[in-house]
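> please find the sequence and the predicted model below.
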Amino acid sequence: MIPTDAQLVGRAQAGDVEALCELVERHRVVALRVGYTIVGDEAEDVVQEAFVKAYASLDRFRDGAPFRPWLLRIVANELRNLHRAAGRRAARERSAWQRTEPLLALPPDEDPAAAALSGERRVELVRGLAALSEVHRQVVTCRYLLDLDEAETAAVLGWPVGTVKSRLHRALGRLSAALAEAGPGGAGGVGGVGGVGGADGAEVGRGA
Amino acid sequence: MAREPDGFDVLVSDLRALAPAVEPGAAEVDAVTAAVLARLGAAPPAPERARGRALPGDVAAWFARRRRRLAVALVVVLLALTGVPAVRAAVADWFGFAGVKVKLTPEPRSSSSPLATPSPPPSVAPGRLAAVRHLVAFVPRLPAALGPPDGVEVSADRKVLSMSWNDPAAGVVRLDEFDGGLDYGFAKTAPGAEYLDVGGNGGLWFERPHEVVWLLGGTSRHDPPRLAGHTLIWEQGGTTLRLEGDLTRERAVAIAESAVPVF
């Protein structure tokens, strides 16, 4: 039986270091992803600090609540603590994107033919993301690049869930429009395979 | 993908396809757990702030076989020492034997202290075996094959008895003994260990140089790591014995099997 997060939290609260390790291992990747894309170059420190704080406040963890959003909220709080001054925070978030952007634009190591995205499509998407406002880019990043659900996205960005929904919708609209504009060849011009806006759904993604 | 906003299916699936690009590297991922443990060790929540190392919990489960309580400081110390990247590996590869914690590592760190001549732990009562044996709470054992020891010491906390011999063939041979039921002993990180039979009891043979850390007392005092040479660890009547020196495996086992209680 694989223990649930809640069981691990219970054991970690009782001082079981193995349970704590298991919790960290389960969630460190998502925490780091959030760190890299939202925090920027101090991601590792922030994530570390967040886990330490999470451990220290495990007694305040509400029984039965999902652990991941709770943890991600701590990660996000750490980020905010780090950049209390709004100007600094904005600069930091820009720099996080500046670090993320080249990674996204870089084709994966694997056989390009096997990649889920054509090179051009990838570049266009990244350009489109770059052109979005910070909040729109963040919500898209959290939801799809980091694969967070709405509650987790809300926790990371510190917004109400309703705001996540509405901003996400608007962000996708903007992005979609920007992509259509960027591909002057018309519907077939963007992805090679898929169409703009995705009405035909021909392009196969791996986003299951 | 049930609840994507209308009409953005392809866009969303393409965005998701970008996700692998922001996957953190394995090294960074691995570093997190060790760093967190180290941080917890460095920032004790409890008053028990012994030399800066905390005991936030109990790692007994790590050594479920023996169910010994063990300060997390121990683990932290070792992680720091060996630079072990993955705690998953640590959990999988750690095993306990008679109060000795062993972690298998690919190779000992080359930057460690050079292969050191066995040296006894800090002592309060160097002297003859007869003079110190009442200081420890277990029955010491003396290998007849080695004869009377040239040096006898008891650790400062009186929990480890150490003896040494100047052996004509092997140079300095060291034997450490402690109550195998104690919640500490020493920890080793080793590239390999071999189970073998010592007079009907299980033993562990370390053929290759490996790091050893003394963990004296539950209060996280420890000696700096050093590389140890050939070592045999075995358990006899609840006492853990650790023989170290330039010995062949056969000779080490023969010495071990010659150990008899000293009353």
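Here it is on my side, so go on.

> lowest average confidence, helix or strand, in chain A?
helix A:86-105 (a mean of 73; mean pLDDT, DSSP states H and E).

> the closest residue to B:R39 other than its chain neighbours: which element?
Excluding the flanking residues, the one nearest B:R39 by CB to CB, 6 or more residues apart in numbering or on different chains is A:V52, at 4.8 Å. C-beta: built from backbone N, CA, C; applies to glycine. Per DSSP states H and E, A:V52 falls inside helix A:43-56.

> please work out the average pLDDT along that helix.
Per-region confidence: helix A:43-56 scores 84 on mean pLDDT.

> now do it and helix A:86-105, the angle between them.
Taking axes from the mean of the first three to the mean of the last three CA atoms, to 10 degrees, one finds that helix A:43-56 is oriented at 110 degrees with respect to helix A:86-105.

> chain center to the least confident helix or strand of chain A: distance?
Averaging C-alpha positions (CA atoms, centre = their mean, to the nearest Å) puts helix A:86-105 13 Å from its chain's average.

> CA-only coordinates of it in CSV, if you can.
The C-alpha coordinates for helix A:86-105 follow below in CSV (Å, rounded to 0.1, in the frame of the first residue of the first chain):
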residue,chain,number,x,y,z
ALA,A,86,6.6,45.1,-5.6
GLY,A,87,9.1,46.5,-8.0
ARG,A,88,11.6,43.9,-7.1
ARG,A,89,9.1,41.2,-7.4
ALA,A,90,8.1,42.3,-10.9
ALA,A,91,11.7,42.4,-11.9
ARG,A,92,12.2,39.0,-10.5
GLU,A,93,9.2,37.6,-12.3
ARG,A,94,10.5,39.0,-15.5
SER,A,95,13.8,37.4,-14.9
ALA,A,96,12.1,34.1,-14.2
TRP,A,97,10.5,34.3,-17.6
GLN,A,98,13.8,35.4,-19.2
ARG,A,99,15.3,32.2,-17.8
THR,A,100,12.4,30.0,-18.8
GLU,A,101,11.9,31.3,-22.3
PRO,A,102,15.1,29.9,-23.8
LEU,A,103,14.4,26.6,-22.2
LEU,A,104,11.0,26.5,-23.8
ALA,A,105,12.3,27.5,-27.2
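
> and A:E134, what does it touch?
A:A90, A:E93, A:R94, A:W97 (CB atoms under 8 Å, 6 or more residues apart in numbering or on different chains).

> returning to what we had before: packing partners of the helix holding A:V52?
Secondary-structure packing of helix A:43-56 (3 or more CB pairs under 8 Å, 6 or more residues apart in numbering or on different chains; DSSP states H and E): helix A:17-34, helix A:67-82, helix B:26-42.

> let's see that with 10 Å instead.
Here helix A:43-56 touches helix A:5-13, helix A:17-34, helix A:67-82, helix B:26-42, going by 3 or more CB pairs under 10 Å, 6 or more residues apart in numbering or on different chains; DSSP states H and E.

> identify, out of those helices, the most deeply packed stretch.
helix A:17-34 (a mean of 23; mean count of other CB atoms under 10 Å in any protein chain shown).

> quick check: mean pLDDT of that helix?
83.

> repeat that for stretch B:134-151.
83.

> excluding covalently adjacent residues, which one is nearest to B:G203?
Nearest to B:G203 is B:W234, by CB to CB, 6+ apart, at 3.6 Å.

> got phi/psi on the one you found?
phi -150, psi 170 (degrees, to the nearest 10).

> who's in contact with it?
Listed by CB atoms under 10 Å, 6 or more residues apart in numbering or on different chains, the contact partners of B:W234 are B:97-98, B:180, B:196-199, B:201-205, B:240-243, B:252-253, B:256-257, B:259.

> okay, the helices and strands packed on helix A:43-56 in JSON lines with distance to A:A105 next?
Conversion of these to JSON lines gives the following (distance: least, CB to CB, whole Å):
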{"stretch": "helix A:5-13", "distance to A:A105": "35"}
{"stretch": "helix A:17-34", "distance to A:A105": "17"}
{"stretch": "helix A:67-82", "distance to A:A105": "24"}
{"stretch": "helix B:26-42", "distance to A:A105": "20"}
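
> burial of A:L103, as a residue count?
15 (other CB atoms under 10 Å in any protein chain shown).

> can you pull the contacts of it?
A:Y36, A:T37, A:V126, B:L18, B:P20, B:A21, B:V22, B:E23.

> surely the second one meets A:R99?
Yes: applying CB atoms under 10 Å as the test, A:T37 and A:R99 come out as touching, 8.3 Å apart.

> neighbour-wise, which of those two wins?
A:T37 (24 against 16).

> enumerate every residue touching that one.
Per CB under 10 Å, 6+ apart, neighbours of A:T37: A:43, A:93, A:96-97, A:99-100, A:103-104, A:137-138, A:141-142, A:145-146, A:156, B:22.

> next one: B:P149
B:R128, B:L129, B:L142, B:P143, B:S162, B:M163, B:S164, B:W165, B:N166, B:V173, B:R174, B:L175.

> the helix or strand B:V172 falls within pairs with which strands?
Using DSSP H and E, B:V172 maps to strand B:171-179. If you go by DSSP bridges, strand B:171-179 pairs up with strand B:160-167 (antiparallel), strand B:239-244 (antiparallel).

> hey, which of those strands is tucked in deepest?
Using mean count of other CB under 10 Å, strand B:239-244 ranks as the most buried of the strands paired with strand B:171-179, with a mean of 25.

> sketch out the low-pLDDT regions of the stretch 151-263 of chain B for me.
For the stretch 151-263 of chain B, residues meeting the criterion pLDDT under 70 lie at B:156-158, B:180-193, B:209-228, B:263.

> please apply the same query to chain A.
In chain A (pLDDT under 70), the answer is A:1, A:39-41, A:83-87, A:89, A:106-116, A:183-208.

> not counting its neighbours along the chain, what's nearest B:A19?
A:L145 (5.1 Å).

> who's in contact with the one you found?
A:33, A:37, A:100, A:104, A:129, A:137, B:15-22.

> just these now: which is nearest B:A34?
A:R33 (18.9 Å; CB to CB).

> from A:D45, how far off is the closest residue to that closest one other than its chain neighbours?
Spatial nearest neighbour of A:R33, excluding adjacent residues (CB to CB, 6+ apart): A:L146 at 4.9 Å. For A:L146, the distance to A:D45 equals 19 Å [CB to CB, to the nearest Å].

> with neighbour numbers in mind, choose between those two.
A:L146 (21 against 14).

> quick check, the more buried one in contact with A:I38.
Yes: assessed by CB under 10 Å, A:L146 is found in contact with A:I38 at 8.5 Å.

> which neighbours do these two have in common?
By CB under 10 Å, 6+ apart, the residues touching both A:L146 and A:I38 are A:L72, A:V156.

> quick check: the gap between A:D149 and A:I38.
With CB to CB as the criterion, A:D149 and A:I38 are 16 Å apart.

> just to revisit the earlier point, and the residue nearest to B:G203, how far is that from chain A?
Relative to chain A, B:W234 is positioned 27 Å away (CB to the nearest CB, to the nearest Å).

> give me the beta-bridge partners of that residue?
Going by DSSP bridges, B:W234 forms beta bridges with B:G203, B:L241.

> and it, how far is that from B:W165?
On the measure of CB to CB, B:W234 and B:W165 end up 17 Å apart.

> ok, now A:I2?
51 Å.

> now do the buried residues in the longest helix anywhere in chain A.
Scanning chain A for the helix with the most residues, using DSSP state H, yields helix A:161-182. For helix A:161-182, burial by neighbour count (16 or more other CB atoms under 10 Å in any protein chain shown) applies to A:164-165, A:167-168, A:170-172, A:174-176, A:178-180, A:182.
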